[in-house]
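**Student:** Next comes the sequence, and after it the predicted model I'd like to discuss.
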Amino acid sequence: MNFKISFLLLFFTVISFCQKSVSIKEIEGIWIAEDFYNSFEKSKNIHESKDAFNRNYPVALRINSKEVLNNILYIGYSALHDHNLYAEESKYVIVEKDTLGKSGCFEINISKRDSLNYFETSEIHYFNYNRKSYLAWDKNKVTLYKSAKDDLKAETINYRRISDKFERNYQYPNPLYYYTRNRVIVGDYMLKEYKGKVLTKSFKINANGLAKGYTRFNKMLVYYSTDIYCGPPTNDEHLMFWDDVTREDSKNFHFVLKRPDSNTIFLYEMYPRRPEYGQVLEELGNPKYVLIKK
């Protein structure tokens, strides 16, 4: 009898664990807040979409079943207003014995679902200070909910999935980097000087940001900047190449990005466009590089 009871307990424990795993698998992937998604899909320009979503709230989520530990699911998230770039890792990365945090991460206990099928979240910076927030989902929708308190109204963010799997060598993407990079810059190009020679006919920017095919940028990571909410007004879009964003001495290049059409990208040197407060922006001049999509 004791053996049977033990077997049944083990059986139901396994079934319970599998059900939790399947549930997370169903919503695995990269999710973008619908309001921002609907705007950026049309504009492909952070300036034109800057008011589509609260700059400090989680605009993008990464849900990965590999990030479940002892029934705790760690969910990576990004906000639009952020002055830093982060290593695309799970929870944190250690560099020379220093622990560097990721851009954002909150937790839910997947064994503690309430009567409304909501999971209470841990603190989410700027979103749920001194208020409770919850995550809920079905197969096609993820919702982040913040309860009302005093004279503050309840708020809901609905997310849309843009990818349902993770590449073997890119398991923990920053979800905002992944989305904006894919919509703006990922692809195969011919790279040339402006009104000059072709530098390579095989320049590639991958979904994980890795650039290949031209010596100056080879094996560097490419980022599209959404950091436009502070400082003097500007309409410039910025593209950055970094060796390693975790190191202060990392080699990096910054460019102003202009797109005259859907297949052409001009990259301008940043120097004339580094304004201090009160300084008038100088003219860009001619592009340094031209990317032509193949």
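**Tutor:** Looks like it arrived, so ask away. Numbers count the residues shown, from 1 in each chain.
**Student:** For stretch 119-137, buried residues please.
**Tutor:** Residues of stretch 119-137 classed as buried: 119-121, 124, 127-128, 133-137 (neighbour count, 16 or more other Cβ atoms under 10 Å). (C-beta placed from N, C-alpha, C; glycine too.)
**Student:** and these as TSV, adding pLDDT?
**Tutor:** Shown next, in TSV, are these (pLDDT from 0 to 100):
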residue	pLDDT
Phe119	95
Glu120	95
Thr121	96
Ile124	93
Phe127	93
Asn128	89
Ser133	95
Tyr134	96
Leu135	96
Ala136	94
Trp137	91
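**Student:** any chance of these in JSON lines, with secondary structure too?
**Tutor:** Formatted as JSON lines, these follow (DSSP: H, G, I helix; E, B strand; the rest coil):
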{"residue": "Phe119", "secondary structure": "strand"}
{"residue": "Glu120", "secondary structure": "strand"}
{"residue": "Thr121", "secondary structure": "strand"}
{"residue": "Ile124", "secondary structure": "coil"}
{"residue": "Phe127", "secondary structure": "coil"}
{"residue": "Asn128", "secondary structure": "coil"}
{"residue": "Ser133", "secondary structure": "strand"}
{"residue": "Tyr134", "secondary structure": "strand"}
{"residue": "Leu135", "secondary structure": "strand"}
{"residue": "Ala136", "secondary structure": "strand"}
{"residue": "Trp137", "secondary structure": "strand"}
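**Student:** Of the residues you listed, which is the nearest to Asp151?
**Tutor:** Asn128 (16.5 Å; Cβ to Cβ).
**Student:** Hmm, Glu120 and that closest one touching each other?
**Tutor:** No: with contact defined as Cβ atoms under 8 Å, Asn128 does not reach Glu120; the gap is 9.9 Å.
**Student:** So what sits opposite Val68 in the bridge?
**Tutor:** Under the criterion DSSP bridges, Val68 forms beta bridges with Leu73.
**Student:** what's the burial count for it?
**Tutor:** Using other Cβ atoms under 10 Å, Val68 is surrounded by 15 other residues.
**Student:** quick revisit: of the buried residues of stretch 119-137, closest to Thr264?
**Tutor:** Nearest member of the buried residues of stretch 119-137 to Thr264, counting by Cβ to Cβ, is Phe127, at 38.3 Å.
**Student:** Of the buried residues of stretch 119-137, which is the nearest to Cys230?
**Tutor:** Phe127 (19.5 Å).
**Student:** these two touch, right, the closest one and Tyr134?
**Tutor:** No: judged on Cβ under 8 Å, Phe127 makes no contact with Tyr134 at a distance of 11.6 Å.
**Student:** Find the residues that touch each one of the two.
**Tutor:** Leu144 (Cβ atoms under 8 Å, 6 or more residues apart in numbering).
**Student:** Switch the buried residues of stretch 119-137 over to CSV; also include distance to Lys192.
**Tutor:** Shown next, in CSV, are these (distance: Cβ to Cβ, whole Å):
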residue, distance to Lys192
Phe119, 51
Glu120, 54
Thr121, 48
Ile124, 45
Phe127, 44
Asn128, 49
Ser133, 49
Tyr134, 52
Leu135, 47
Ala136, 50
Trp137, 46
